[in-house]
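Engineer: Pasting a predicted model and its sequence here:
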Amino acid sequence: MTAANLTKSQVRALWLQAQGLDRSHPFGSGPKATAKIVKHLGYVQIDTIHVIERSHHHILYTRNLDYKRSHLVQAQSKDKSVFEYWTHALSYVATEDFKYFVSEMKDRKTNPSRWYYDVSKSDLEKVFRIIKKDGPITIRDIDDDVLVEKDHPWASKKPSKRAMQRAFNSGDLVISERLGMLKKYDITNRHFGWDKRPKAASRKEVLDYKIDRALRSQGVVSLDSLAYMEKGPEKKDLLKNVQARVKKGQLIDVNVEGVGGGAFWTTPEVLSSKISSAGELTHILSPFDPLVIQRKRFHMFFDYDHRFEAYVPKEKRKYGYFTLPVIVGDQAVAVLDLKADRQNQDLLIQQWSWLGKHKSSHNKVLIEKELDGFSKFQFDK
């Protein structure tokens, strides 16, 4: 099949459309929208930084302006339609996709990382014994540990915490609830009401899942974008799968005008669909938003190389401590360094930086209007 030719602006529009950022309430509103957003995007990254509202809530709010934190609680702990596990980082994932992670869970159980390989059998048994008896627990519910020295800055002095984390990685425990960022663990099968865990997806099914996830949330994909943070062997297998789909006519090669450095693909359905316009929709994005997290791709199509400067010395920062890209329509127009003053319920603008030639009174009005709603979201519990 002949390769398709698209411009950068067309790919950018298709990406915004795939992300649900080209229209208002693309996933509906109310609590049920949360699970729909997570399923469509494939994952919603979790992060602990709390300068403003945490990234997972921020990402969900961006796609549902009626979003409440209680919606995520309902999805995770009541409806159990989402669960936490590792994608490129710890993320919320749709529970119906659990089977695609079972093989990785088994591998992590057999070959735990260096942080957890020396967790003792007795510590694991202790954790399971307590949870079976008392129900879901947090690490604070265990107060009889013999404390040990930390072996790295993010470690815990409680052996039981490492045991719970290892059992989580292996899929035997699940985070059933979050109290702020404090995790509550339960036995996986009991939490979901399963007699046994879903059967692991086959290797081909896992590869198909990763490709379909990228196509659904990106519109036009590259090997780097569908294999984000994957290692060499995984990327090779994904590429073989893509090439097989191209031969079958399920995917089409795409040439993107003015963009080099690799192949792109999309589906016949995307090519035949109408490319929508985002108009003047304005979004203040989390640096961990799926649109932004793949920095190289974001730079490629939005002509802005986002810098995450929270760990950069203050004197070397260009845009600020916790900077948020702002898009108006399909353009990255500004970067805001914001901070929530929770005591006074005020959203502070630490720094406002315009990008390129996008400084205008019109864009300023659009951003200020969006800031008003974003500020209410910060403090509306």
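Structural biologist: Yep, that arrived.

Engineer: CA atoms for contacts and neighbours, from now on please.
Structural biologist: Noted.

Engineer: helices and strands around the longest helix along the chain, which ones?
Structural biologist: Determined from DSSP state H, the single longest helix within the chain is helix 361-379. Other elements packing on helix 361-379 under the criterion 3 or more CA pairs under 8 Å, 6 or more residues apart in numbering; DSSP states H and E are strand 282-284, strand 323-328, strand 346-354.

Engineer: can we see that at 10 Å?
Structural biologist: helix 55-63, strand 282-284, strand 323-328, strand 331-341, strand 346-354 (3 or more CA pairs under 10 Å, 6 or more residues apart in numbering; DSSP states H and E).

Engineer: want to throw these into TSV with mean pLDDT, mean neighbour count and distance to residue 223?
Structural biologist: Below are the helices and strands packed on helix 361-379 laid out as TSV (pLDDT from 0 to 100; neighbours: other CA atoms under 10 Å; distance: least, CA to CA, whole Å):
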stretch	mean pLDDT	mean neighbour count	distance to residue 223
helix 55-63	97	22	24
strand 282-284	98	23	27
strand 323-328	98	22	25
strand 331-341	98	21	24
strand 346-354	97	15	32
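
Engineer: ok, the closest residue to residue 17 other than its chain neighbours - contacts?
Structural biologist: Setting aside the residues directly before and after it, residue 17 is nearest to residue 276 in space (CA to CA, 6 or more residues apart in numbering), at 7.0 Å. Applying CA atoms under 10 Å, 6 or more residues apart in numbering to residue 276 gives the contacts 10, 13, 14, 16, 17, 22, 23.

Engineer: Provide a list of residues in contact with residue 294.
Structural biologist: For residue 294, the contact set (CA under 10 Å, 6+ apart) comprises 224, 225, 228, 229, 287, 288, 306.

Engineer: How about the contacts made by the last one?
Structural biologist: For residue 306, the residues meeting the contact criterion (CA under 10 Å, 6+ apart) are 287, 292-296, 298-299, 319, 323-325, 335.

Engineer: Need the phi and psi values for it.
Structural biologist: With angles defined as degrees, to the nearest 10, residue 306 sits at phi -70, psi 140.

Engineer: same question, residue 269
Structural biologist: As for residue 269, its main-chain torsions (degrees, to the nearest 10) stand at phi -60, psi -40.

Engineer: thinking again about what came up before, just put the contacts of residue 276 in a markdown table and tack on distance to residue 41.
Structural biologist: Formatted as a markdown table, those follow (distance: CA to CA, whole Å):
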| residue | distance to residue 41 |
| --- | --- |
| 10 | 20 |
| 13 | 16 |
| 14 | 14 |
| 16 | 12 |
| 17 | 12 |
| 22 | 14 |
| 23 | 15 |
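
Engineer: now, which of those lie within helices?
Structural biologist: Per DSSP H, the contacts of residue 276 map to helices at 10, 13, 14, 16, 17.

Engineer: so where's the protein shaky on pLDDT?
Structural biologist: In the predicted model of the chain, residues 145-156, 261 satisfy pLDDT under 70.

Engineer: can you give me the helices for it?
Structural biologist: Ranges of helices in the chain, per DSSP H, are 8-19, 32-41, 55-63, 69-73, 102-110, 121-134, 159-169, 188-192, 203-218, 223-226, 232-248, 268-272, 295-302, 361-379.

Engineer: out of those, which comes closest to residue 330?
Structural biologist: helix 8-19 (6.6 Å; CA to CA).

Engineer: Relative to residue 351, which of the ones in helices among the contacts of residue 276 is nearest.
Structural biologist: Taking the ones in helices among the contacts of residue 276 together and measuring to residue 351 by CA to CA, the closest member is residue 16, at 26.0 Å.

Engineer: What is the nearest of the contacts of residue 294 to residue 372?
Structural biologist: residue 287 (19.5 Å).

Engineer: Compute the number of surrounding residues for that closest one.
Structural biologist: 21 (other CA atoms under 10 Å).

Engineer: Quick check: it touching residue 293?
Structural biologist: Yes - counting by CA atoms under 10 Å, residue 287 touches residue 293, with 6.3 Å between them.

Engineer: contacting residues around the closest residue to residue 105 other than its chain neighbours?
Structural biologist: Nearest residue to residue 105 in three dimensions, chain neighbours excluded: residue 170, at 4.3 Å (CA to CA, 6+ apart). Each residue near residue 170 by CA under 10 Å, 6+ apart is listed here: 101-112, 164.

Engineer: List phi and psi for residue 29.
Structural biologist: The phi/psi pair for residue 29 (degrees, to the nearest 10) reads phi -130, psi 180.

Engineer: That one contacts residue 65, doesn't it?
Structural biologist: Yes - in this structure, residue 29 is within contact of residue 65 by CA under 10 Å, at 7.9 Å.

Engineer: Mutual contacts of those two, please.
Structural biologist: By CA under 10 Å, 6+ apart, no residue touches both residue 29 and residue 65.

Engineer: any idea how far the residue nearest to residue 33 when sequence neighbours are not counted is from residue 129?
Structural biologist: In this structure, residue 33 finds its nearest non-sequential neighbour in residue 27, 5.5 Å apart by CA to CA, 6+ apart. Distance, residue 27 to residue 129, by CA to CA, to the nearest Å: 41 Å.

Engineer: can you check residue 221 too?
Structural biologist: Distance from residue 221 to residue 129, by CA to CA: 46 Å.

Engineer: More neighbours: these two, which one.
Structural biologist: Under the criterion of other CA under 10 Å, the comparison of residue 221 against residue 129 puts residue 221 first, with 24 against 12.

Engineer: can I assume the more buried one is in contact with residue 256?
Structural biologist: No - using CA under 10 Å, residue 221 is not in contact with residue 256; the gap is 11.0 Å.
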